[in-house]
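In: Okay, predicted coordinates and the sequence, questions at the end:
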Amino acid sequence: MLTLLPALSTSFIAISAILVAIGWVQVAKRKFEAHKKTMIVASVFALAFFIIYMSRTIFVGNMNFGGPDELRLYYQIFLIFHITLATAAAVFGLVTLYLGFTKQFAKHRKWGPVTSIIWFGSAITGIAVYFLLFIIYPGGETSSLFRTILGF
């Protein structure tokens, strides 16, 4: 069960990124109503990811890097980069959704492409973190969020 949740949440963020890409194509084809629906579904998948991730973090903890010690520093730097991208993606995503729902389309058009690129970067690095923690290397011990991020 403990490894099922990270796989599920990682799948949700990947689906969200794919839906954002589909939404981008829909806008290019001027299918605005389809774009709106797709972005709502993408947001639901992103929210599902966040709920699973935070629930696991609060109730179980986070998995430390279980790979070779000589790669640990590189992993920690990569993890911090991913967390920064994910945080920016969430903030940009909320602002972009707000602008769309409040019909501030000129601003929405400016924020949308930037948000999408940050979202893709966050999703790709998040999937890479999942692979490093659960597929490529054996999992490390579970500990608090800050210990995991800082590598203590």
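Out: Sure, I can see it.
In: Check this structure and tell me which residue is nearest its centre.
Out: Central residue of the chain (CA atoms, centre = their mean): A123, 4.5 Å from the mean position.
In: residues in contact with stretch 114-121?
Out: When contacts are defined by CB atoms under 8 Å, 6 or more residues apart in numbering, stretch 114-121 is touched by residues 16-17, 20-21, 23-24, 85, 88-89, 92-93, 95-96. Bear in mind the C-beta positions are built from the backbone N, C-alpha and C, glycine included.
In: picking up where we left off before, wouldn't the residue nearest to the centre of the chain be in contact with I15 here?
Out: No: counting by CB atoms under 8 Å, A123 does not reach I15; the two are 9.4 Å apart.
In: Please pull out the lowest mean pLDDT helix or strand from this protein.
Out: Here the helix or strand of the chain ranked lowest by mean pLDDT, DSSP states H and E is helix 145-150, holding a mean of 66.
In: Please name the spatially closest residue to I13 (chain neighbours excluded).
Out: Spatial nearest neighbour of I13, excluding adjacent residues (CB to CB, 6 or more residues apart in numbering): F49 at 4.5 Å.
In: check contacts around the one you found.
Out: Contact analysis of F49 by CB under 8 Å, 6+ apart lists 9-10, 12-13, 16.
In: And the helices in this protein, which stretches?
Out: Ranges of helices within the chain are 4-28, 32-59, 69-101, 105-130, 145-150, based on DSSP state H.
In: Against which helices or strands is the first one packed?
Out: Looking back up the chat, that one is helix 4-28. helix 32-59, helix 105-130 (3 or more CB pairs under 8 Å, 6 or more residues apart in numbering; DSSP states H and E).
In: Output the ones you listed in TSV; the columns should cover mean pLDDT and distance to P138.
Out: What follows is the helices and strands packed on helix 4-28, written out as TSV (pLDDT from 0 to 100; distance: least, CB to CB, whole Å):
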stretch	mean pLDDT	distance to P138
helix 32-59	94	18
helix 105-130	97	14
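In: Out of the contacts of stretch 114-121, flag the one nearest to K36.
Out: Checking these against K36 by CB to CB gives G23 as the nearest, at 8.5 Å.
In: neighbours of the residue lying closest to that closest one once chain neighbours are set aside, just the number please.
Out: Distances taken as CB to CB, 6+ apart place T38 nearest to G23, at 4.3 Å, with adjacent residues excluded. By other CB atoms under 10 Å, 21 other residues sit near T38.
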